[in-house]
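1. here are the coordinates; sequence isn't available:
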DNA sequence: GTTAGCAGTCGTATGCTTTGAGTGCTAGAT
DNA sequence: ATCTAGCACTCAAAGCATACGACTGCTAAC
């Protein structure tokens, strides 16, 4: 793709900027008024015309202005997107979301999703994953009643997850103690991946605790995979604010969101890079005119999953990336020791 | 309100039935074709006219058929609503939802909400409440690391909830043991309400564990009130299936659902009766053309909260009530000993 | 009390016209 | 070579008039 002249770039940027604001086709006159005072609209028109030929602009119909093509968004992101500093108020809002000391992943993640959605004004999604790579610090087994126990899994990144399991044989306190000891001997310090594929020898040692062992493996399995309880969505109603969506797309959008697992796959496609911006590539799954921006998130140095924002193609990419980035940084610090030391962005 | 003649009743029922199916105004001819073969449409027209005068029917405009008024729905519910037996498949679906042995409230409740929404095809909401009236069976304190612990609350209805709390002083194992003993001495066997208003004497005894005590009270407080984590909503997208809602109402609806707390209040208004059906009474809160059916739910004999369905005024009340009722019965049995003994409705 | 018949109502669908925002082209100015 | 003013052309959207048809309500006869 050949290099654009400076003026062409400036005009293209103008179109994208205006379209992000208004969601209506941008005309040559509008560009002249708001971005140029030295050239006429006719000149801009001829430039627009060549930009259209190059595939960066689209005319909805002859007598309308232009809207950016997907390529235009991509170029815009490459060339013009800068991390804009967040407003003081926004940063405070993010900091405040994490004021209270941490209380289990669910709580943190829910708040993270909420604050991302609130500040960007788009729907946000967080998918927890990569549990496989995380090390188990300790597993605690707490007796609840004769037939059930609570398994508490503590990872070295400070993530705590727990789940009630059922046991067919009545549990004695002794059993619990033994089981606790054995399980920790086996599991602690290992990654989930390691635990999932144990040697036959270890398996034998566990004969007495087969049921318990299986239950724990099942929990680890479900936390690793894309599971309903690993997906957090906030701000579902936000996307209805954008005029490009009608009842039909609303329905589609909500249906996709209702089946969280499927949606999670979308978010997780970003495996390698820090940020991924996908525009209109997910038509197959009912998200036709959407762009998805995702980032990988860490907690205490370990990857814990992906956070994403979903909105119209003309979303405010600069803002979204800035917010995702700032929230990500804030999050990384939580496990260490609270966020008393406010840092600059 | 005077008694209606049998024929008037039959005609009114016909209008409601047809309107529930089609969501379009019902005409005299349609009623004749589908429900009468002995009287003419003209006769039905004159009956419709008097029913309109009596306030049961509404004409959207002169040359349209009639739609039921709120009063008509109420009469319909009183007079004609019967618990229709669910289909075999539906019952199986409900039973299967609870096949796995229970694993904490969240899990059960989420599934309950899901199955209600799936079978009725309306949005479902469950609000946990009444924790105040529930007795604490045991509270367990599990050390996680130096600065945090997991509080596990087990109630006599088998509900298990837990939360991570932070502690400013490093915890020793001894401390945990002592605290555990003391807390249980104090709390177990009491209702949450009793715990919340402790005698001054008890408070003194707790001096050493003030911080811990406060944390636990805070947890109980939050579980009692209508809190984000006490509200479960499923099937948000379902309501877009109904033609009476446009983009505007969709937006309102979703916004209300996004602020779960507010929504919970609506559901909880039903305090005294087993079922409550409210039609169009919640206009103030953005739910203009909605009806809400709620039921109080028990787990192991104790009230745990309210389950509700929200949909258009013309919702299939019989079906909804039947489903809520059957799910409720199924739920009651879970804590006892699984659901192996399938019972008839 | 019931019914057939018919006039009257009003929402909806359809097609036509007007309007105006925007473009593309061209000829002349810079 | 560029740029620009001017003008013809296009096309969606808005407005308007007409026709249609699904109803009702009324009346007169059964």
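-> Looks like it arrived, so ask away. Given the structure is predicted, the values throughout are model-derived calculations rather than measurements.
2. Grab the nearest non-local neighbour of the closest residue to DNA strand C within the stretch 151-300 of chain A.
-> Relative to DNA strand C, the nearest point of the stretch 151-300 of chain A is residue A:243 (15.5 Å; CB to the nearest atom of the strand). C-betas here are computed from N, CA, C, even on glycine. Once flanking residues are discounted, residue A:243 sits nearest to residue A:23: 5.2 Å by CB to CB, 6 or more residues apart in numbering or on different chains.
3. Likewise for residue A:195?
-> Nearest non-adjacent residue to residue A:195, counting by CB to CB, 6+ apart: residue A:187, 5.6 Å away.
4. Does that neighbour touch residue A:136 like I think?
-> Yes. Counting by CB atoms under 8 Å, residue A:187 does reach residue A:136; the two are 5.0 Å apart.
5. Now the common contact residues for these two.
-> residue A:195 (CB atoms under 8 Å, 6 or more residues apart in numbering or on different chains).
6. quick one: the strands in the stretch 1-150 of chain A?
-> A:57-58, A:67-68, A:123-128, A:136-145, A:148-155 (DSSP state E, counting those that start in this stretch).
7. Among those, which comes closest to residue B:289?
-> strand A:123-128 (25.0 Å; CB to CB).
8. Run through the neighbouring helices and strands of that closest one.
-> Applying 3 or more CB pairs under 8 Å, 6 or more residues apart in numbering or on different chains; DSSP states H and E, we find strand A:123-128 packed against helix A:105-120, strand A:231-234, helix A:260-268, strand A:302-312.
9. what pairs with it, and is each one parallel or antiparallel?
-> strand A:231-234 (antiparallel), strand A:302-312 (antiparallel) (DSSP bridges).
10. May I see the buried residues of the longest one?
-> Within strand A:302-312, the residues scored as buried using 16 or more other CB atoms under 10 Å in any protein chain shown are A:302, A:304-312.
11. Residues in contact with stretch A:36-56: which ones?
-> Counting by CB under 8 Å, 6+ apart, A:4, A:7-8, A:11-12, A:14-15, A:28-29, A:31-32, A:57-59, A:66, A:68-69, A:71-72, A:75 sit against stretch A:36-56.
12. Enumerate every residue touching residue A:324.
-> Here residue A:324 is in contact with A:116, A:275, A:293, A:295, A:307, A:309 (CB under 8 Å, 6+ apart).
13. in which helix or strand would I find it?
-> helix A:317-337 (DSSP states H and E).
14. Now do the buried residues in that helix.
-> A:317-328, A:330-335.
15. any idea how far the residue nearest to residue A:243 lies from residue B:61?
-> With distances taken as CB to CB, to the nearest Å, residue A:23 is found 35 Å from residue B:61.
16. Between the two, point out the one with more neighbours.
-> residue A:23 (13 against 6; other CB atoms under 10 Å in any protein chain shown).
17. and the residue most central in space within chain A, what are its bridge partners?
-> The C-alpha lying nearest the average C-alpha coordinate of chain A belongs to residue A:307 (CA atoms, centre = their mean; 1.6 Å). With DSSP bridges applied, residue A:307 shows beta-bridge pairing to residue A:126, residue A:295.
18. who's in contact with it?
-> Contacts of residue A:307 by CB under 8 Å, 6+ apart are A:112-113, A:116, A:124-127, A:294-295, A:297, A:324, A:327-328.
19. now with 10 Å?
-> A:109, A:112-113, A:116, A:124-127, A:232, A:267, A:293-297, A:323-324, A:327-328, A:331 (CB atoms under 10 Å, 6 or more residues apart in numbering or on different chains).
20. near DNA strand C, which of those residues show up?
-> With CB under 7 Å from any atom of the strand as the criterion, the contacts of residue A:307 include none near DNA strand C.
21. Which of the strands of the stretch 1-150 of chain A sits closest to residue A:258?
-> Using CB to CB, the nearest of the strands of the stretch 1-150 of chain A to residue A:258 is strand A:123-128, at 12.8 Å.
22. So residue A:308 versus residue A:76, what's the distance?
-> On the measure of CB to CB, residue A:308 and residue A:76 end up 19 Å apart.
23. now swap in residue A:136 and tell me
-> Taking CB to CB, one finds residue A:136 at 44 Å from residue A:76.
24. try residue A:26
-> Noted for residue A:26: a distance of 13 Å to residue A:76, by CB to CB.
25. between these two, what contacts are shared?
-> Residues touching both residue A:26 and residue A:76 (CB under 10 Å, 6+ apart): A:15-17, A:68.
26. Check the offset of stretch A:137-151 from the chain's centre.
-> 32 Å (CA atoms, centre = their mean, to the nearest Å).
27. Can you list the buried residues in it?
-> Within stretch A:137-151, judged by 16+ other CB under 10 Å, the buried ones are A:137-144, A:147-151.
28. Same question for stretch A:173-189.
-> For stretch A:173-189, by 16+ other CB under 10 Å, it's A:175-176, A:179-180, A:182-184, A:186-187.
29. Not counting that stretch itself, show me its contacts.
-> Contacts of stretch A:173-189 (CB under 10 Å, 6+ apart): A:135-143, A:149, A:151, A:153-154, A:156, A:167, A:169, A:171-172, A:194-195, A:198, A:202, A:205-206, A:208-209, A:212-213, A:216, A:220.
30. hmm, stretch A:65-74 touching DNA strand C?
-> Yes. Residues of stretch A:65-74 are located near DNA strand C by CB under 7 Å from any atom of the strand, namely A:65-66.
31. That stretch close to DNA strand D?
-> No. Stretch A:65-74 lies out of reach of DNA strand D by CB under 7 Å from any atom of the strand, never closer than 11.5 Å.
32. Report the mean per-residue pLDDT for that stretch.
-> Stretch A:65-74 carries an average pLDDT of 95.
33. And it, how far out from the chain middle?
-> That offset, for stretch A:65-74, works out to 25 Å (CA atoms, centre = their mean).
34. my guess is the residue of the stretch 151-300 of chain A closest to DNA strand C is in a helix, correct?
-> No. Read with DSSP: H, G, I helix; E, B strand; the rest coil, residue A:243 is coil and lies in no helix.
35. Now do the contacts for it.
-> Taking CB under 10 Å, 6+ apart, we find residue A:243 in contact with A:22-24, A:312, B:247.
36. And for residue A:315?
-> By CB under 10 Å, 6+ apart, the contact list for residue A:315 reads A:20, A:73, A:120-122, A:242, A:277, A:279, A:290-293, A:309.
37. what do you get for residue A:245?
-> A:239, A:251-253, A:288-290, A:311-312, B:247.
38. How about residue A:90?
-> Counted by CB under 10 Å, 6+ apart, residue A:90 has contacts A:115, A:118-120, A:319, A:322-323, A:326.
39. Mind putting these into a markdown table with distance to residue B:43?
-> Shown next, in a markdown table, are the contacts of residue A:90 (distance: CB to CB, whole Å):
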| residue | distance to residue B:43 |
| --- | --- |
| A:115 | 64 |
| A:118 | 60 |
| A:119 | 64 |
| A:120 | 62 |
| A:319 | 66 |
| A:322 | 71 |
| A:323 | 67 |
| A:326 | 72 |
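40. Phi and psi next, for the residue in the stretch 151-300 of chain A positioned nearest to DNA strand D.
-> Ranked by CB to the nearest atom of the strand, the top residue of the stretch 151-300 of chain A for proximity to DNA strand D is residue A:243, at 11.5 Å. When read as degrees, to the nearest 10, the backbone of residue A:243 gives phi -60, psi -20.
41. And the pLDDT at it?
-> The predicted local confidence for residue A:243 is 90.
42. Please tell me how far stretch A:66-78 is from the chain's geometric centre.
-> On CA atoms, centre = their mean, the centre of stretch A:66-78 falls 22 Å from the chain's centre.
43. which of the residues in it are buried?
-> By 16+ other CB under 10 Å, the buried positions in stretch A:66-78 come out as A:66-73, A:75-77.
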